[in-house]
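J.: Let's see this in three dimensions:
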Amino acid sequence: MRDHDRAELARRFIATTDWAAADLRPLAGDASNRKYLRLHLNGETAVLMDAAPELGEDVRPFVAVARWLTDLGLSAPRILAEDRARGFLLIEDLGDALFARVVEREAGLEAAMYEAAVDVLLQLHAATPMAGLVPYDPATMAPLAALAYDWYLAGSLGRDDTAKSAFLAEIEPVLATYTDCSVTILRDYHAENLLWLPDRDGTARVGLLDFQDAMLGDPGYDLVSLLMDARRDVSAAVEARMIARYAEARGLSPEAVEARYHVVGAQRNLRIMGVFARLSRRDGKAHYVDLIPRVWGHLMRNLAHPALAGVAARVMADLPEPTPEVLERLRR
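T.: Numbers count the residues shown, from 1 in each chain. Model (predicted):
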């Protein structure tokens with residue numbers, strides 16, 4: 001479908017809502033095919049999500065997870081109007097105060113904001129998981145970690161299926177030992193998807209975005225996503241305090257939490273390296289390559305944990321360090 005046809009469908013959808021007379025302005029998108037517009041009307045704002053089904057998008061998971069989160073008292077956007085068949089949603093505008101931007105301006109708020117974000121996870125993990133979620137189990141996690149072989153290794157040195165098979169044989173039993181599909185995980189829980197809403201109370205101060213890929217997974221997964229952020233450096237002091245806060249609230253030893261944290265972290269960071277390489281090589285989004293060195297640094301910290309000794313030996317033998325030369329190959 002041509003862009004102007006899609007725009008006409010959007011205008012028709014908006015015309016069926018209370019926002020028919022609104023002024024429309026573009027908003028930044030994300031790594032998906034979704035597009036966003038901000039609607040302005042009489043001093044109020046809302047957001048249009050345009051998720052074209054012909055591009056593989058589906059708004060139904062977003063609607064389901066958003067309503068489940070708001071029922072828990074968390075600050076996911078309220079759904080104001082929807083056309084699921086054509087892929088349009090009109091949702092509550094939670095503003096522009098992304099954690100990443102707020103901390104840039106007011107570094108002194110970092111600890112308080114991250115405490116609130118950890119408390120959201122504690123609230124999520126205390127709740128009965130959302131019904132119908134697909135398990136993010138070791139059988140799913142291991143091949144996703146191997147995206148680092150499929151795209152990062154293949155794009156930098158060349159494809160090596162033998163090395164990939166050996167890697168899978170190392171990581172699968174470690175994941176089986178250290179992961180537990182017991183809670184709802186949002187999977188992209190980081191500073192570019194969290195909004196600071198200081199006028200709200202408690203965990204509602206954290207606005208939630210990009211949660212439509214929620215699954216049933218390990219409690220450490222979103223903690224890693226938050227604290228080993230691919231897009232910004234969380235201070236070591238804040239990271240340590242947040243892990244301790246989470247462990248204490250759940251009655252767990254810091255050592256037990258850290259073991260799972262690093263195992264799940266290794267899986268996540270390997271997957272992200274593969275995804276960023278794929279976004280560059282397949283989708284032409286070369287700027288994601290610039291984030292790979294930070295993710296590599298996180299991975300090196302994960303692999304230093306004793307639980308990952310065998311995985312570390314395999315990865316270090318197979319994957320090249322992201323030198324400028326390697327990154328340039330991935331950009332081409």
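J.: Where do the helices of this protein begin and end?
T.: 3-15, 60-71, 99-105, 110-126, 138-145, 147, 154-156, 161-178, 220-227, 236-249, 254-281, 292-303, 309-318, 324-331 (DSSP state H).
J.: Send me the third one as PDB with only the CA atoms.
T.: Looking back up the chat, that one is helix 99-105. Extracted in PDB, the C-alpha atoms of helix 99-105 (Å, rounded to 0.1, in the frame of the first residue of the first chain):
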ATOM      1  CA  PHE A  99      14.400   8.100  31.200                       C
ATOM      2  CA  ALA A 100      17.400   8.500  28.900                       C
ATOM      3  CA  ARG A 101      16.600  12.200  28.200                       C
ATOM      4  CA  VAL A 102      15.700  13.100  31.800                       C
ATOM      5  CA  VAL A 103      18.900  11.600  33.200                       C
ATOM      6  CA  GLU A 104      20.900  13.500  30.600                       C
ATOM      7  CA  ARG A 105      19.400  16.800  32.000                       C
END
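J.: ok, back up a step: among the helices of the chain, which is nearest residue 89?
T.: Residue 89 lies closest to helix 60-71 among the helices of the chain, at 6.8 Å (C-beta to C-beta). Any C-beta I mention is one placed from the backbone N, CA and C, and that applies to glycine too.
J.: and the chain, what are its domains?
T.: Domains of the chain are assigned by automatic domain parsing as 3-92, 99-331.
J.: So, low pLDDT: which residues of the protein?
T.: 1-3, 29-31 (pLDDT under 70).
J.: Geometric centre of it: which residue is closest?
T.: residue 188 (1.2 Å; C-alpha atoms, centre = their mean).
J.: Return the residues in contact with that one.
T.: Applying C-beta atoms under 8 Å, 6 or more residues apart in numbering, we find residue 188 in contact with 210, 211, 213, 225.
J.: of the residues you listed, buried ones?
T.: 210, 211, 225 (16 or more other C-beta atoms under 10 Å).
J.: quick one: which of the residues you listed is nearest residue 107?
T.: Using C-beta to C-beta, those come closest to residue 107 at residue 225, 21.2 Å.
J.: mind checking how far stretch 72-86 is from the chain centre?
T.: 19 Å (C-alpha atoms, centre = their mean, to the nearest Å).
J.: So which bits of that stretch are buried?
T.: 72, 74, 75, 76, 77, 79, 80, 81, 82, 83, 86.
J.: Not counting it itself, show me its contacts.
T.: By C-beta under 8 Å, 6+ apart, stretch 72-86 touches 9, 13, 16-19, 46-47, 53, 59-60, 63, 65-67, 69-70, 88-94, 120, 123-124, 127, 195, 197, 200, 203-209, 211.
J.: just to revisit the earlier point, what's the most buried one of the domains of the chain?
T.: Comparing these by mean neighbour count (mean count of other C-beta atoms under 10 Å), domain 99-331 ranks first with a mean of 18.
J.: Who does the nearest residue to residue 16 once chain neighbours are set aside form a beta bridge with?
T.: Distances taken as C-beta to C-beta, 6 or more residues apart in numbering place residue 81 nearest to residue 16, at 7.2 Å, with adjacent residues excluded. Counting by DSSP bridges, residue 81 is bridged to residue 90.
J.: For residue 81, give its distance to residue 19.
T.: 8 Å (C-beta to C-beta, to the nearest Å).
J.: shared neighbours, these two?
T.: Contacts common to residue 81 and residue 19, judged by C-beta under 8 Å, 6+ apart, are residue 90.
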